[in-house]
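Novice: kindly return the folded structure for what I paste below:
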Amino acid sequence: MAVLHNGRFTVKVEGDFVVFLIGMRVNRLLLLHKWLPVSLAMGRMLKELFSHKEMGLLHAQSFLSGRTIMVLQYWRSYEQLHA
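Specialist: Reported below is the predicted structural model:
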């Protein structure tokens, strides 16, 4: 069974890092052909980035609120995010 740790926690990171917030809002749910490919592509991209740590992605967390999907990403540097 997993151990739960209550409270707030931080981590020390050597050097700089980048926080990137990206998201989308679905205005018309029935137009699947417009928003579904974008949503699926984000999942595939994150899977690829997690499997190749040298690309610079430190962590990512997804949030869903109604029709809005957001992904919070932590990157090693701006150059790696931009690449």
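
Novice: any idea which element Q73 lies in?
Specialist: In this structure, Q73 sits in strand 68-75 according to DSSP states H and E.

Novice: in its sheet, what does that strand sit against?
Specialist: The sheet places strand 68-75 alongside strand 18-25 (antiparallel), strand 57-65 (antiparallel), with pairing taken from DSSP bridges.

Novice: could I get those strands as JSON lines with mean pLDDT and distance to A2?
Specialist: Backbone N, C-alpha and C define where each C-beta goes, glycine included. Below are these laid out as JSON lines (pLDDT from 0 to 100; distance: least, Cβ to Cβ, whole Å):
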{"stretch": "strand 18-25", "mean pLDDT": "93", "distance to A2": "26"}
{"stretch": "strand 57-65", "mean pLDDT": "92", "distance to A2": "17"}
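
Novice: could you dump these into a markdown table and include distance to S77?
Specialist: As requested, the strands paired with strand 68-75 are arranged in a markdown table below (distance: least, Cβ to Cβ, whole Å):
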| stretch | distance to S77 |
| --- | --- |
| strand 18-25 | 6 |
| strand 57-65 | 10 |
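
Novice: of all those, which one is nearest M1?
Specialist: Among the strands paired with strand 68-75, strand 57-65 comes nearest to M1, with 22.7 Å by Cβ to Cβ.

Novice: which other helices and strands contact the helix or strand containing E48?
Specialist: For E48, the element it lies in under DSSP H and E is helix 32-51. Of the remaining helices and strands, those touching helix 32-51 by 3 or more Cβ pairs under 8 Å, 6 or more residues apart in numbering; DSSP states H and E are strand 18-25, strand 57-65, strand 68-75.

Novice: switch the cut-off to 7 Å
Specialist: Here helix 32-51 is seen to pack against strand 57-65 when contacts are counted using 3 or more Cβ pairs under 7 Å, 6 or more residues apart in numbering; DSSP states H and E.
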